[in-house]
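Peer 1: predicted coordinates and the sequence they were generated for:
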Amino acid sequence: MEVTPIEHWLEIEAGIASLRSKDGTEWETDLVFKKPFQLSKNVEFMVGVGPQWSSASSFGATAVLDFMFWTTPQYGWFVEPSYSYAFNRGHDRNLALNVGLLFALPPR
């Protein structure tokens, strides 16, 4: 889920994910503060950082780059590479790539 409290300056994204493996299920949540940049009428770029919590490795930090391509004003797609670092004893690190569809909600 993403909200824009300050237009063109700040977007806040909250996420939750379930990661399953043979050892069990791990839950991960994050809260990312992003700075948006409008590269063209149909292309947006955001850079963000924020805290992360994992049921397996406690607290950490995450950094993301978010590229959004709007094919129409209501629909588009995104590519989001991210890097996470846990502050636990093992200092777990993650590198991820998310790709998906965008659906704009109508304005109020």
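Peer 2: Received, thanks.
Peer 1: and stretch 22-40, how far from the chain's centre?
Peer 2: How far stretch 22-40 lies from its chain's middle: 3 Å, per Cα atoms, centre = their mean, to the nearest Å.
Peer 1: stretch 96-108 now?
Peer 2: Going by Cα atoms, centre = their mean, where stretch 96-108 is centred and where its chain is centred differ by 11 Å.
Peer 1: and it, average pLDDT?
Peer 2: The predicted model assigns stretch 96-108 a mean pLDDT of 88.
Peer 1: can I get that stretch in PDB, CA atoms only?
Peer 2: What follows is stretch 96-108 as a C-alpha-only set of coordinates in PDB (Å, rounded to 0.1, in the frame of the first residue of the first chain):
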ATOM      1  CA  ALA A  96      15.200  -8.700  -4.700                       C
ATOM      2  CA  LEU A  97      13.500  -7.700  -7.900                       C
ATOM      3  CA  ASN A  98       9.800  -7.100  -8.000                       C
ATOM      4  CA  VAL A  99       7.800  -6.600 -11.200                       C
ATOM      5  CA  GLY A 100       4.100  -6.000 -11.400                       C
ATOM      6  CA  LEU A 101       1.100  -4.100 -12.700                       C
ATOM      7  CA  LEU A 102      -0.100  -0.700 -11.600                       C
ATOM      8  CA  PHE A 103      -3.800   0.300 -11.200                       C
ATOM      9  CA  ALA A 104      -4.500   4.000 -10.400                       C
ATOM     10  CA  LEU A 105      -7.400   4.700  -8.100                       C
ATOM     11  CA  PRO A 106      -9.800   7.400  -9.300                       C
ATOM     12  CA  PRO A 107      -9.300  10.900  -7.600                       C
ATOM     13  CA  ARG A 108     -11.700  11.900  -4.900                       C
END
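Peer 1: what residue ranges in the chain score low on pLDDT?
Peer 2: Flagging of the chain using pLDDT under 70 yields the residue ranges 57.
Peer 1: what segments of it are strands?
Peer 2: 2-6, 10-21, 24-38, 43-54, 58-70, 75-86, 93-103 (DSSP state E).
Peer 1: just confirm residue 75 contacts residue 101, I think it does.
Peer 2: Yes - under the criterion of Cβ atoms under 8 Å, residue 75 is in contact with residue 101, at a separation of 7.2 Å. Placement of C-beta: from N, CA and C, glycine included.
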